[in-house]
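Colleague: Output the structure for:
(chains A and B)
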Amino acid sequence: MYEHDVLVIGGGGAGLRAAIAAQEAGADVAIVSKLHPVRSHTGAAEGGINAALQSGDSWEAHAKDTMKGADYLADAPAVETFARRAPKEVMQLEHWGMPFSRDEDGTVSQRPFGGLSFPRTTYAGAETGHHLLHTLYEQVIKRGITVYEEYFVTRLAVTDEPDPNDRTCHGVTALDLKTGAVEGFRATGGVILATGGLGQVYDHTTNAVANTGDGMAMAYRVGVPLEDMEMIQFHPTTLPSTGVLITEGVRGEGGRLFNSEGERFMFERGYAADEGELASRDVVSRAELTEIQEGRGFGDGHVKLDMRHLGEERIMDRLENIVGLARHFEGVDPLEEPMPVKPGQHYAMGGIETDEYGSTCIEGLYAAGEAACVSLHGANRLGGNALPELFVFGAEAGRHAAGVDLDPPAIEVGPDPDVAREDREWPTELGAGGAETDVVPDGRDLEPGALLGEAVAAERERVEELLTGDGDRGHVEVREQVQETMTAHVNVFREGEGLETALEDISDAREAYEDVTVTDPSRTFNTDLQQTIETRNVIDLAEVITMGALARPESRGAHWRAEHQTRRDEEWLRHTLVNWRDGDPELFYRPAILESESVTYEPEERSY
Amino acid sequence: MAESVDPDTSRLKGSETQPQAEDETVELQIFRYDPEVESKTEAHFEDFHVQPHEGMTVLDALIEARDEQDPSLTFRHSCRQGVCGSDALFINGKQRLGCKTQIDELSTPIRIEPLPHHPVVKDLVVDMDDFYERMRAVEPYFDPDDPPPGELEERKQSRENREAIKLSTRCIWCGACTSSCSIAADEDVYLGPAAINKGYRFYADEREGEDRKAKRLELLTETDGVWRCQTQFSCTTVCPQEIPLTEHIQQLKRDATKADLKFW
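Modeller: Numbering: from 1, shown residues only, chains lettered A, B, ... in the order given. Predicted coordinates for the structure are as follows:
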C-alpha cells in the first residue's frame, strides 16, 4: 500500500495545478494517473485562457460575461472567485515560463473569443493547452512531486454511512496497467479527482479516447451528486471525419462560416445578427445543424469554415497548427480552401458537485477541472474559460486538501434531506436496480488502512471476474450501443420521445454489460480490461445525462428541447442533481445562486 | 448585412470521393509479444486485414483490427490528433505517429512494430522510462535568475525571441527522435535529441537570464550531451512536430565552442 497526505487522481491541467498547490501548502502529495501526465487531454486545448489583464477590462466584466454565457445557470460565488483569481493564475503561468504569444512590446497578447465583451483571451498560437500542460508538468518535475503514471484508479475507498454526507474517503484503488496488479493508495489528507471529461459517451467528440469520465462515475457510485449533467457542450467547429477540434480562435481572428448556398448564414439567416460567427458555442452549433437539416449543408452533413482571407502571414502567426490539423486529419489545405466543419461533443459543463473550494459532500474527497461542477459554466461554457478554471479551482482544491484553513463556503453540497426529490415515472428501470454501491461494505467500523484493504479486495475480485467470466460479449459492442443512442437522441437537438428511447437503450446496455468478459487473459498492459472497466463508467454517465435532459422541459444554453423552445426562468433557474442511492438514481434540485456580496445577476435574454 | 463571399463550393474534398470496393483490404503485419501468454511469449508478426476508407490513419486501422478482430492487440493511443505523443510506432521502417500517418501514403503490406531501442512491454507498447529519465536529466523547467517583476506583471519577451524558441517548445515527448538516433540507441548515456531540445528550449529563452543560460550550456555540453551527436539528421527526419532538432544541437555546439574560446 502506498501512502501520501494528498492524492491527486489525474495528471492533466487541474491535477497538476492541484498537486503544486498542495505541495506548496506543505503536503506530501502524489499524482496517480492512467496516462503519463504529458499525454493528458489538456494538451489538446487550442484556443486560450481568459483573464482580465488589461486596463479597460475588469474581473467584474469577465464575471458578467461568464454568467450570461452560462445562461444564468451558474453560481455567482463560483463565477466571481473564478474571474477575480484568473489574472493571478495566468500571470503565474507566465512566471513558470509559459511561451505565450506576444505583442510588439513583449507583453502577453490577448484576442477576442465568442461571448466575451473584451478581447481577454491569452493564448500561445493555437496550441495553448499543449504549452500549458507541459509548463505545469515541468513545475511538477522541478518540485519532485511523485507521479504514479499508468495507474488506472478504479474505485474510491469510502466508508458506508447511510447518508453520503457522513461518509469519508480514505484513498483509492488503482490498477497498475503495466503489471495488472490492483494496489491500494491511502490518502491521510484528501483525494482530489481531476480526471477530466467524458467525451467517450458520444461517438463524435473532440475528446481523447482516455476521456471516459472515470472520476465522475466513481464519485457518483459512492453517493456524491452529479450536477447539471445534461449540459453537454457541442463545439461548432470539429472536423467531420475525426472530431478533431478547429479552435474558436479561427472565428476569433475573423474566420467565416458558409452554407452550400454561399451564405454567411450566422448573419444572413439571422441566427446572431450582431455577433455572427462569434456568438456563443450553443448558438453557432444549432445554426449549423439547422442549415444542414434544411438542406443547405455540404456532402454528408457539414458547413464550411473559411479563413483564407486572413492571409497566410496572420494564419501562420496565430493559427499555424490548424493548418496542420486540417491537412493531416481531413486532407484539406485551409490556406487554399475552406475547411469542412460540424458540431461535435466537446465539454461537460456538469460534473461532480463541489463548493468553491473543490469539496464534495464526502469528507476527504475533492474534485476540480472538467470532472467537477463548481457551477461556473452553467448551461454553456465560454471558449477560453476552461483553462483558467483548471488553475483557479485546481489550486483551491489542492490547498484545501492540504489542510489550509478557508472561510465557510457559500455553495452548499450533498444530498439535502429537505430538498424535494423528483418523484416521476421513468420509461425503464434505472441504475443497477437497487443495493449496488461502491462504498466499502461494513466500512463504518474499519480503520482507514483496513478499509482500504477491503476496497482493494473488492476490486481484485471484480478484475478477476472480468478476466475469467464466461460471458459472451465484449465491451466494444456495449460502448457503441451507448454512444450511438446518445448521438441519436441526446445531442444538440433533443426531444422527449428520443430521450426516453435513449434511457431504454442505456438500460439495455447496462444489462448487456452483465455478460461482458475480457477476451485478453493477460495481466500485462491489458487495455481490453481497462476499456471494459471504463465502459461501466460510460454507461452510468450516459444515464445521468439523459435523466437530466428529460427532466428539464426548457431550452437553456446547450440544452435545447424541441417541445420546449424557450427558457423558463420562473421554474428552471435551478440545478439538476442526480444522486446514486444504492443503485437507485434519485433526482433533486437546487436553486442557482445569482447573488453575490456585491451583485445580483439579472437574467437577460441571451442575444449575440 | 454581411459581405457574402463565395466559399469555393466546387472543391469538396472528403465528401464526394467514391468508397473503395468492398473486397479491397489492406494488410497489416503487426508485431506481437506478451510475456504471459504462451502463444505470444516468442515475438512474431501477425497479419490483419482491414477495410480502408478515405482518410484512414494507421491508428484507425489498428483500432479496427483490435475492436473487430482481436481485443488483445495492445497499443497506446489517446488524443487521435497528434498532441499526446503516445502512439509513436515503427511503421514501415520509420518512426511515425500512428494517428498522423495516412495508410494510403504507405506501401503495403504495412509493417507495424514498437519503437526500436526500448524494452517491449507487450505488442506495440514499449517501456518509456529511460526516455523520461533523459528528459528529466536536463532540468526541464523554467528557472530564471531573477524573481518575477510583480504578481500581476509578466516578464516581457520579444516576439523575435518567442519565435526563436517556438519550434523547440512543440515537443510532445513521443520519443520518435531518440528511437531513431543510432547514438542514443547504442549509448544509453547520451541525452539524445528530445532531451537536448528540451534543454535548448530554456537555454534560448531570454527570460531566464545569463547565469542560468551558462549553466544550461554546461549541462548540455557535458560528456553525454551535444558532442555525442554525429549530425545524422535522423531525429529531424522523423520528428512529427517538424522540430529542427539537429539544428538546435548544432547551435548548442557552436555556442559551446564560442564560450570556450573566451577563456583562451
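Colleague: quick one: contacts for residue A:231?
Modeller: A:73, A:348, A:349, A:350, A:377, A:378, A:379, A:380, A:548, A:557, A:558, A:559 (CB atoms under 8 Å, 6 or more residues apart in numbering or on different chains). All C-beta atoms are positioned from the backbone trio N, CA, C, and that covers glycine.
Colleague: Not including adjacent chain positions, what is the nearest residue to the last one?
Modeller: Spelled out, it's residue A:559. In this structure, residue A:559 finds its nearest non-sequential neighbour in residue A:230, 5.3 Å apart by CB to CB, 6 or more residues apart in numbering or on different chains.
Colleague: I'd like the distance between that neighbour and chain B.
Modeller: 26 Å (CB to the nearest CB, to the nearest Å).
Colleague: Regarding that residue, what is its secondary structure?
Modeller: Recorded secondary structure, residue A:230: coil (DSSP: H, G, I helix; E, B strand; the rest coil).
Colleague: For burial, what's the neighbour tally of it?
Modeller: Other residues lying near residue A:230 total 26 when counted by other CB atoms under 10 Å in any protein chain shown.
Colleague: That one against residue A:576, yeah?
Modeller: Yes - using CB atoms under 8 Å, residue A:230 is in contact with residue A:576, at 6.5 Å.
Colleague: Residue of the stretch 51-200 of chain B closest to chain A, please.
Modeller: When scored by CB to the nearest CB, the stretch 51-200 of chain B has residue B:142 as its residue closest to chain A, at 2.5 Å.
Colleague: which residues does the nearest residue to that residue once chain neighbours are set aside contact?
Modeller: Using CB to CB, 6+ apart and skipping the chain neighbours, the partner closest in space to residue B:142 is residue A:97 (2.5 Å). By CB under 8 Å, 6+ apart, residue A:97 lies in contact with A:135, A:138, B:141, B:142, B:144, B:202, B:205, B:207, B:208.
Colleague: List the contacts of the fourth one.
Modeller: Think residue B:142. So residue B:142 contacts A:96, A:97, A:135, A:138, A:139, B:202, B:205, B:207, B:208 (CB under 8 Å, 6+ apart).
Colleague: same thing with the first one?
Modeller: Shown in contact with residue A:135 (CB under 8 Å, 6+ apart): A:93, A:96, A:97, A:98, B:142.
Colleague: ok, back up a step: so when I look at the residue of the stretch 51-200 of chain B closest to chain A, I'm seeing a strand, right?
Modeller: No - counting by three-state DSSP, residue B:142 is not part of a strand but coil.
Colleague: Surely residue A:130 is in contact with residue B:172?
Modeller: Yes - Residue A:130 is within contact range of residue B:172, at 7.2 Å (criterion: CB under 8 Å).
Colleague: Find residues that contact each of the two.
Modeller: Residues touching both residue A:130 and residue B:172 (CB under 8 Å, 6+ apart) are A:43, B:83.
Colleague: Break down the stretch 101-250 of chain B into its strands, ranges please.
Modeller: Ranges of strands in the stretch 101-250 of chain B, per DSSP state E, counting those that start in this stretch, are B:110-113, B:120-122, B:125-126.
Colleague: Give me the domain ranges for the chain.
Modeller: Reading this off chain A. Split into domains by the TED database, chain A comes to A:2-232+A:346-402, A:238-343, A:443-568.
Colleague: nope, chain B please
Modeller: B:26-126, B:128-144+B:158-262.
Colleague: before we move on, what SS does residue 90 have?
Modeller: All of this refers to chain A. Recorded secondary structure, residue A:90: helix (three-state DSSP).
Colleague: I was thinking of chain B, sorry if that wasn't clear
Modeller: What three-state DSSP gives for residue B:90 is strand.
Colleague: count of neighbours near it?
Modeller: Neighbours of residue B:90 using other CB under 10 Å come to 22.
Colleague: who's in contact with it?
Modeller: Shown in contact with residue B:90 (CB under 8 Å, 6+ apart): B:112, B:113, B:114, B:115, B:116, B:179.
Colleague: For residue 87, list the residues it contacts.
Modeller: Using chain A. A:51, A:52, A:53, A:59, B:152.
Colleague: My question was about chain B, not that one.
Modeller: Shown in contact with residue B:87 (CB under 8 Å, 6+ apart): B:59, B:75, B:76, B:77, B:78, B:97, B:98, B:99, B:174.
Colleague: could you check the distance from it over to residue B:184?
Modeller: Separation of residue B:87 from residue B:184 (CB to CB, to the nearest Å) stands at 20 Å.
Colleague: that older thread, pLDDT, secondary structure and distance to residue A:183 added to the contacts of residue A:135, as JSON lines?
Modeller: Below are the contacts of residue A:135 laid out as JSON lines (pLDDT from 0 to 100; DSSP: H, G, I helix; E, B strand; the rest coil; distance: CB to CB, whole Å):
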{"residue": "A:93", "pLDDT": "97", "secondary structure": "helix", "distance to residue A:183": "33"}
{"residue": "A:96", "pLDDT": "98", "secondary structure": "coil", "distance to residue A:183": "31"}
{"residue": "A:97", "pLDDT": "97", "secondary structure": "coil", "distance to residue A:183": "34"}
{"residue": "A:98", "pLDDT": "97", "secondary structure": "coil", "distance to residue A:183": "34"}
{"residue": "B:142", "pLDDT": "98", "secondary structure": "coil", "distance to residue A:183": "33"}
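Colleague: Between the residues you listed, which sits nearest residue B:65?
Modeller: Using CB to CB, residue A:98 is the member of the contacts of residue A:135 that lies nearest residue B:65, at 39.2 Å.
Colleague: I'd guessed the closest one sits against residue A:131; true?
Modeller: Yes - here residue A:98 reaches residue A:131: they are 5.6 Å apart, a contact under CB under 8 Å.
Colleague: any idea how far residue A:347 is from the nearest residue to residue A:358 once chain neighbours are set aside?
Modeller: Distances taken as CB to CB, 6+ apart place residue A:397 nearest to residue A:358, at 2.9 Å, with adjacent residues excluded. As judged by CB to CB, residue A:397 and residue A:347 stand 19 Å apart.
Colleague: more crowded one of the two?
Modeller: Just comparing residue A:397 and residue A:347: by other CB under 10 Å the higher neighbour count belongs to residue A:397, 33 against 25.
Colleague: Which residue would be the closest one in the stretch 101-250 of chain A to chain B?
Modeller: Per CB to the nearest CB, residue A:106 is where the stretch 101-250 of chain A lies closest to chain B, at 3.3 Å.
Colleague: Count the residues that sit near that residue.
Modeller: Residue A:106 has 17 nearby residues by other CB under 10 Å.
Colleague: Helix, strand, or coil at it?
Modeller: The three-state assignment at residue A:106 reads coil, by three-state DSSP.
Colleague: Was I right to think it contacts residue B:153?
Modeller: No - using CB under 8 Å as the test, residue A:106 is too far from residue B:153 to be in contact (11.7 Å).
Colleague: Cool, thanks, signing off.
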